[in-house]
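Asks: structure for this input, please:
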Amino acid sequence: MNFQLTPAEARVLGSLIEKEVTTPEYYPLSLNALLNACNQKSNRDPVMNLDEEQVRRALHALGQHGLARSAATDGRVAKFEHRVNEVFNFHRHELALICALLLRGPQTPGELRTRSERLYAFDDLDSVHSALNLLIKRDPPLAKILPRQPGTKESRYAHLLSGHVEESTAAPVQIDPVLALGQGPSVSSDSARLAQLEEEVAALRREVADLKQQLALFQKQFQ
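Replies: The predicted model follows:
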């Protein structure tokens, strides 16, 4: 690859990919819809506050890379679409993971499976690992595994569309308080299961918030 996406470009590209799958009836996206998608508070890490000019510049840069373009539509409002498949010829499961990584940064396979569910339903963690390996084995690689940090149980994966990923960009280390107190493996196993359930509940809450936001945007079009 002869490009490295900036954070704004990565957010715009990830948002275009996401909305094509989750809200195809509104895709391609107008500049205003794309701006809202980039700045939404659910399923985004970090939450950003881009303005129209930043999104325009990101679209221009993505167009130069062949990753996005203005779509041909019958309406008077300009709309935009991604061209990732033309550039990389992704399978659906690869595209889902790239999208999740673009929107939320480095994540574990378990997090990726939960957070990409609306884009592609992975059967199990093995299928997530298989898709990640396809991205890693591409030439050049499009993903990498980050070193496991002390106190974590799983390694995180990152996309490489923005260039080399420093280890420090991974999420902060969260040490299991049970382990810190030396409570033993049986209790830590229960704690791990509880943490997984909490993550799944949080993901569902984010999806509901996202749907509420999309409904509000839809209703505004008729007001």
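
Asks: any idea how far Asn49 is from Leu67?
Replies: Leu67 sits 23 Å away from Asn49, going by Cβ to Cβ, to the nearest Å. All C-beta atoms are positioned from the backbone trio N, CA, C, and that covers glycine.

Asks: quick one, which of the two is more surrounded?
Replies: Leu67 (23 against 8; other Cβ atoms under 10 Å).

Asks: tell me the spacing between that one and Leu101.
Replies: For Leu67, the distance to Leu101 - Cβ to Cβ - is 15 Å.

Asks: now the strands for the protein?
Replies: 29-30, 68-71, 79-82, 143-145, 157-159 (DSSP state E).

Asks: do you know which of these lies nearest Val208?
Replies: strand 29-30 (21.8 Å; Cβ to Cβ).

Asks: elements contacting the closest one?
Replies: In terms of contacts (3 or more Cβ pairs under 8 Å, 6 or more residues apart in numbering; DSSP states H and E), strand 29-30 is packed against helix 7-22, strand 79-82.

Asks: rewinding a little: using JSON lines, lay out the strands of the chain together with mean neighbour count and mean pLDDT.
Replies: JSON lines is the format used below for the strands of the chain (neighbours: other Cβ atoms under 10 Å; pLDDT from 0 to 100):
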{"stretch": "strand 29-30", "mean neighbour count": "20", "mean pLDDT": "97"}
{"stretch": "strand 68-71", "mean neighbour count": "17", "mean pLDDT": "96"}
{"stretch": "strand 79-82", "mean neighbour count": "21", "mean pLDDT": "98"}
{"stretch": "strand 143-145", "mean neighbour count": "18", "mean pLDDT": "97"}
{"stretch": "strand 157-159", "mean neighbour count": "22", "mean pLDDT": "98"}
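
Asks: so which of the ones you listed is nearest Glu94?
Replies: When the strands of the chain are compared (using Cβ to Cβ), the closest one is strand 143-145, at 9.1 Å.

Asks: please state the offset of the closest one from the chain centre?
Replies: Relative to the chain's own centre, strand 143-145 is displaced by 14 Å; criterion: Cα atoms, centre = their mean, to the nearest Å.

Asks: contacts for stretch 131-138?
Replies: Stretch 131-138 is contacted from outside by 88, 91, 93-94, 96-98, 109, 112, 122, 141-145, 157, 159, using Cβ atoms under 8 Å, 6 or more residues apart in numbering.
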